[in-house]
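Trainee: no sequence on this one, just coordinates:
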């Protein structure tokens, strides 16, 4: 466990787990992330086809649902991210694009592989809420931001996506990979500040 008093080390592009006090940030690598865009006129048909053929449900605005090994997260009107670490229906998560593309082939929907564009972190620990409150303009208290909630927001003027997972005090953070080094430093600084505050308060 890192000491909150240690000098800041150069931030990496989320290559290593960060553990400071009651906060842990763990990189998520090797996942498939697809951007699905659907027009209002075809959303009902896309919902039906995904449910009937793949058992996937498109969540409502600002929500995420997980089924059949795939998380679908609403990030805006008519836009969802399809995220898979492993897919039960196919041997490799990398084939998720082929499965979805084939399923939606006859429908007016756009599907783009954005896996290389995002860096992802799994955030956990009792201090996670305090750390996030220093970084994003979102009320992440469980009463306001419950399990499965999604926010397309910003951190240090960089657009990010924040998802509340089912784990206690658990979140996933997705950010443009080109800003990962900068944001990693901001997260570490916030975590050290929170750890120091908790130590002095206790």
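Mentor: Arrived safely, thanks for sending. This one's a predicted model, so the numbers in the text were calculated from it and none came from an experiment.

Trainee: which stretches of this protein have low pLDDT?
Mentor: Within the chain, the stretches with pLDDT under 70 are 1-15, 86-95, 167, 202.

Trainee: now with 80?
Mentor: Applying pLDDT under 80 to the chain picks out residues 1-15, 67-69, 85-99, 166-168, 201-202.

Trainee: now the helices: where do they sit in it?
Mentor: Here the chain has its helices, by DSSP state H, at 43-54, 96-103, 128-133, 180-201.

Trainee: hey, which of these is tucked in deepest?
Mentor: helix 128-133 (a mean of 21; mean count of other CB atoms under 10 Å). Bear in mind the C-beta positions are built from the backbone N, C-alpha and C, glycine included.

Trainee: chain center to that helix: distance?
Mentor: The chain centre lies 15 Å from the centre of helix 128-133; the measure is CA atoms, centre = their mean, to the nearest Å.

Trainee: could you export the helices of the chain as CSV, including distance to residue 154?
Mentor: Below are those laid out as CSV (distance: least, CB to CB, whole Å):
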stretch, distance to residue 154
helix 43-54, 27
helix 96-103, 28
helix 128-133, 13
helix 180-201, 11
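
Trainee: for residue 17, find the nearest of those.
Mentor: Closest approach to residue 17 among the helices of the chain is made by helix 180-201 (11.3 Å; CB to CB).

Trainee: list the beta-bridge partners for residue 160.
Mentor: Beta-bridge pairing for residue 160 (DSSP bridges): residue 153.

Trainee: can you pull the contacts of it?
Mentor: Neighbour list for residue 160: 136, 152, 153, 154, 173, 174, 175, 183 [criterion: CB atoms under 8 Å, 6 or more residues apart in numbering].

Trainee: which of those lies closest to residue 61?
Mentor: Nearest to residue 61, judged by CB to CB, of the contacts of residue 160 is residue 152 at 10.3 Å.

Trainee: touching, that closest one and residue 80? I think so.
Mentor: No: counting by CB atoms under 8 Å, residue 80 is not a contact partner of residue 152; they are 11.4 Å apart.

Trainee: out of the two, which sits in the busier spot?
Mentor: Under the neighbour definition other CB atoms under 10 Å, residue 152 and residue 80 were set side by side, and residue 80 has more, 24 against 17.

Trainee: and that one, how far is that from residue 33?
Mentor: Residue 80 is 11 Å from residue 33, where distance means CB to CB, to the nearest Å.

Trainee: on that earlier part again, pull up the overlap in contacts between residue 152 and residue 80.
Mentor: With CB under 8 Å, 6+ apart applied, the contact sets of residue 152 and residue 80 do not overlap.

Trainee: the strands in the protein, which residues?
Mentor: Using DSSP state E, the strands of the chain run over 18-20, 23-28, 32-38, 64-67, 70-76, 79-84, 109-113, 118-124, 150-155, 158-164, 171-176.

Trainee: quick revisit: what's the most distant pair in the contacts of residue 160?
Mentor: 152 and 183 (15.3 Å).
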